[in-house]
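Asks: Got a sequence here, can you model it:
(one chain, ligands or ions: 1)
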Amino acid sequence: MIRKLIYTLLALTLTVSGTVAQHYNQFVTKHDQYKYCSNCGKPLNGENAHFCYTCEKYIPYWELNSSVLFNVGAMAPIPVPSPVKHIYTWYPNINPALNFTITRWMNSNWGLTTGITLEVKSFEATTKIENMDINVVSDDESGLGGHFTGFSNTDIKNNYFTIPLMATWRTNNQKLNLNFGLYGSFLMKGHFRQIIDGNLHVETIDKTVIDDPYDLDMDMSKFDFDDRISNYDFGVRFDAEYYFTDRLSGIVGLRFGFSNTMKSSFDYMKYKMYNMFGCFGIGYRL
Ligand SMILES: [Zn+2]
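Replies: Numbers count the residues shown, from 1 in each chain. Okay, here's the model as predicted:
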């Protein structure tokens, strides 16, 4: 239901933004707002085209941007837990992030930016674990808790619908933009698969301490935590954008989540998980 609503909202937003962009372009062409003051109608001066010397003020305006970025990172505890002794492999996958942003330039250097992002945050990693406290559900459905030693393979792929809210600063020559602010993400589809291979020293069953701990061979045991992924993620977001031409730019950025990406019902391990991703890609000014 919520997912359907988000898809509908998204489709609506894209349609509306497309229409806005079209009308905006027509408006710019028609009224030549870069040449005449929207306040007094007098011509604006060349280079600093948004400052009216008659009104003696900056004329704020909207700017629309789109970009295709690729997220590279992981969803993991911070810092890396001490039982994780070695990271053998880490595959970042191809994680596209489609962005549409709108900026309100308040003066020649500062603006406010928001928009929508459709993005994937995924990776796969294999690690060596020594004595990590974990809780698993056994084949006979009882909850087994204890210390695990062995190998662990994590495969996570989350699709998010994200809304950023950022302050934007640009250089006087308008070639470099820096965005910094917050993001809120809604989970559209979550996938979290864990395979462990090694030894579990069982000390609790259904969270009750047992008198006779025993060793259990976790032979490529597979666990699925899809339904334990939090529906939300909040964090900070930073982007640096450099314009090579009037419209085309290169972008690098960072996103750090500060909310636990797992629900409190996730008790496989006691650590909280956070989204930590960098990104790179190209932007296009609409
Ligand atoms: Zn004016």
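
Asks: going forward, measure contacts and count neighbours with C-alpha atoms only.
Replies: Noted.

Asks: Distance check, residue 55 against the ion.
Replies: Look at residue 55 and the ion: by Cα to the ion, to the nearest Å, they are 4 Å apart.

Asks: Is that residue in contact with residue 40, as I believe?
Replies: Yes: contact criterion Cα atoms under 8 Å: residue 55 and residue 40 qualify, at 7.2 Å.

Asks: Nearest spatial neighbour of residue 100, chain-adjacent residues omitted?
Replies: Closest residue in space to residue 100, ignoring its immediate chain neighbours: residue 66 at 4.5 Å, by Cα to Cα, 6 or more residues apart in numbering.

Asks: before we move on, what about residue 227?
Replies: Nearest one to residue 227, counting by Cα to Cα, 6+ apart, is residue 190 at 7.6 Å.

Asks: What count of nearby residues applies to the residue nearest to residue 100?
Replies: Residues lying near residue 66 (other Cα atoms under 10 Å) number 19.

Asks: What strands line up against the host helix or strand of it, and which way round?
Replies: According to DSSP states H and E, residue 66 maps onto strand 61-76. Here strand 61-76 is paired, per DSSP bridges, with strand 95-105 (antiparallel), strand 274-285 (antiparallel).

Asks: now the first one, how far from the centre of its chain.
Replies: Right, the one you point to is strand 95-105. Its chain's average C-alpha position is 12 Å from that of strand 95-105, according to Cα atoms, centre = their mean, to the nearest Å.

Asks: circling back to that earlier point, I figured the residue nearest to residue 100 was touching residue 103, is that so?
Replies: No: assessed by Cα under 8 Å, residue 66 is found out of contact with residue 103, at 11.2 Å.

Asks: Pairing partners for the lengthiest strand in the chain, with directions?
Replies: When the chain is parsed with DSSP state E, its longest strand is strand 176-205. Sheet pairing of strand 176-205 (DSSP bridges) gives strand 143-170 (antiparallel), strand 208-224 (antiparallel), strand 232-243 (antiparallel).

Asks: And the next helix or strand past the last one?
Replies: Spelled out, it's strand 232-243. strand 248-257.

Asks: who does that next one pair up with?
Replies: Partners of strand 248-257 in its sheet, by DSSP bridges: strand 232-243 (antiparallel), strand 274-285 (antiparallel).

Asks: Is it possible to get JSON lines of the ones you listed that adds mean pLDDT?
Replies: Below are the strands paired with strand 248-257 laid out as JSON lines (pLDDT from 0 to 100):
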{"stretch": "strand 232-243", "mean pLDDT": "97"}
{"stretch": "strand 274-285", "mean pLDDT": "96"}
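
Asks: nearest to residue 251, of those strands?
Replies: Residue 251 lies closest to strand 232-243 among the strands paired with strand 248-257, at 4.4 Å (Cα to Cα).
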